[in-house]
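Q: give the three-dimensional model of this entry:
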Amino acid sequence: MVTSHPESASFNFALADAAERTFRENGVSLRHTRLYQDGFAIAAGRSDFEAFPETLPLRLMDAQRHSEAHGGFVLSLRQEQEALVWADLLMLQFPVWWGSYPAALKGWIERVLAYGFAYGREKTLPPKAVVLSVTTGGANTDRERAEYVERLDSLADDVFGYMGWRVHPHLIAHGPARATDEARRDMLREHRSGVRALVKERTI
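A: Residues are numbered from 1 along each chain as shown. Next up is the predicted model:
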């Protein structure tokens with residue numbers, strides 16, 4: 001699980017905690033990266049690599065491919081990549097901001113899902129499964145809810161479809177910031193049910 005929200009008391013973290021409890025209750029091991037809280041750096045660049053020559057121009061894809069072949073990624077990236085090798089399923093927990101991934105999560109995608117590791121002709125990471133679990137600012141009509149699904153489909157396909165991963169149906173909590181306490185509890189119950197469905201599909 002990778003959670004991308006700057007506030008640990010946010011509803012995104014309530015969803016992440018509910019998912020984590022549900023996975024563990026069903027015998028599923030979990031590793032959890034909290035991007036903002038862990039201080040994960042957003043911008044890809046020379047600092048991604050242990051010893052990139054200062055005299056050479058940085059061509060990111062070439063540098064990533066070389067580092068994957070020769071163990072040149074910095075420790076923080078190696079740890080995230082090792083977690084992906086270990087995992088069967090990646091859950092991304094985040095708010096939809098400006099119709100897309102938050103900056104920290106976009107940076108995680110660009111830096112961790114590196115060329116030569118997660119994609120490319122000689123990639124070393126086999127395709128995995130992924131689920132996008134998100135909060136939105138709210139959706140008042142069936143059409144608005146369908147538009148969010150279409151947007152998330154596009155976000156997932158641009159990255160994970162391109163890499164050949166299996167994309168599970170999204171888990172969406174609409175408008176928790178303006179919801180009543182009861183409605184938020186309903187969202188958490190629905191979220192736990194969605195996580196149990198993932199576990200069931202994986203194990204049966």
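Q: C-alpha only now, for contacts and for neighbours.
A: Will do.
Q: got the residue ranges for the helices in the protein?
A: Ranges of helices in the chain, per DSSP state H, are 11-25, 60-70, 75-86, 103-112, 142-156, 181-203.
Q: roughly how far is the third one from the heart of the chain?
A: Counting by CA atoms, centre = their mean, to the nearest Å, helix 75-86 is centred 13 Å from the centre of its parent chain.
Q: over to stretch 89-109?
A: On CA atoms, centre = their mean, the centre of stretch 89-109 falls 6 Å from the chain's centre.
Q: please save the CA atoms from that stretch in CSV.
A: Output of stretch 89-109 as CSV, limited to C-alpha atoms (Å, rounded to 0.1, in the frame of the first residue of the first chain):
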residue,chain,number,x,y,z
LEU,A,89,-1.1,-6.4,-5.2
LEU,A,90,-0.4,-2.7,-5.1
MET,A,91,-3.0,-0.5,-3.5
LEU,A,92,-2.7,3.3,-4.1
GLN,A,93,-4.6,5.4,-1.5
PHE,A,94,-4.9,9.0,-2.5
PRO,A,95,-7.2,12.0,-3.0
VAL,A,96,-8.0,13.0,-6.6
TRP,A,97,-6.5,16.5,-6.8
TRP,A,98,-7.0,18.5,-10.0
GLY,A,99,-8.2,15.3,-11.7
SER,A,100,-5.0,13.4,-11.1
TYR,A,101,-2.5,11.9,-8.7
PRO,A,102,-1.2,14.1,-5.9
ALA,A,103,2.4,15.3,-6.6
ALA,A,104,4.0,13.0,-4.2
LEU,A,105,2.4,9.9,-5.8
LYS,A,106,3.2,11.1,-9.3
GLY,A,107,6.8,11.4,-8.1
TRP,A,108,6.7,7.9,-6.7
ILE,A,109,5.4,6.6,-10.0
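Q: what does that stretch contact?
A: 1-5, 12, 15-16, 35-36, 40-44, 84, 128-137, 151, 155 (CA atoms under 8 Å, 6 or more residues apart in numbering).
Q: rewinding a little: and the helices of the chain: which comes nearest Arg121?
A: Between Arg121 and the helices of the chain, the shortest gap by CA to CA is with helix 60-70, which sits at 10.5 Å.
Q: what's around Ala43, how many residues?
A: For Ala43, the count of nearby residues is 15 (other CA atoms under 10 Å).
Q: Tyr162 too?
A: Other residues near Tyr162 come to 10 when the count uses other CA under 10 Å.
Q: kindly report the same for Arg111.
A: When neighbours are defined as other CA under 10 Å, Arg111 has 22 of them.
Q: the one 5 residues further on now?
A: The tally of other residues near Gly116 (other CA under 10 Å) stands at 21.
Q: since we're on the nearest residue to Arg196 once chain neighbours are set aside, how many residues are nearby?
A: With CA to CA, 6 or more residues apart in numbering as the measure, Thr22 is the residue that lies nearest to Arg196, at 6.8 Å, once sequence neighbours are left out. The burial metric for Thr22, expressed as a neighbour count using other CA under 10 Å, is 19.
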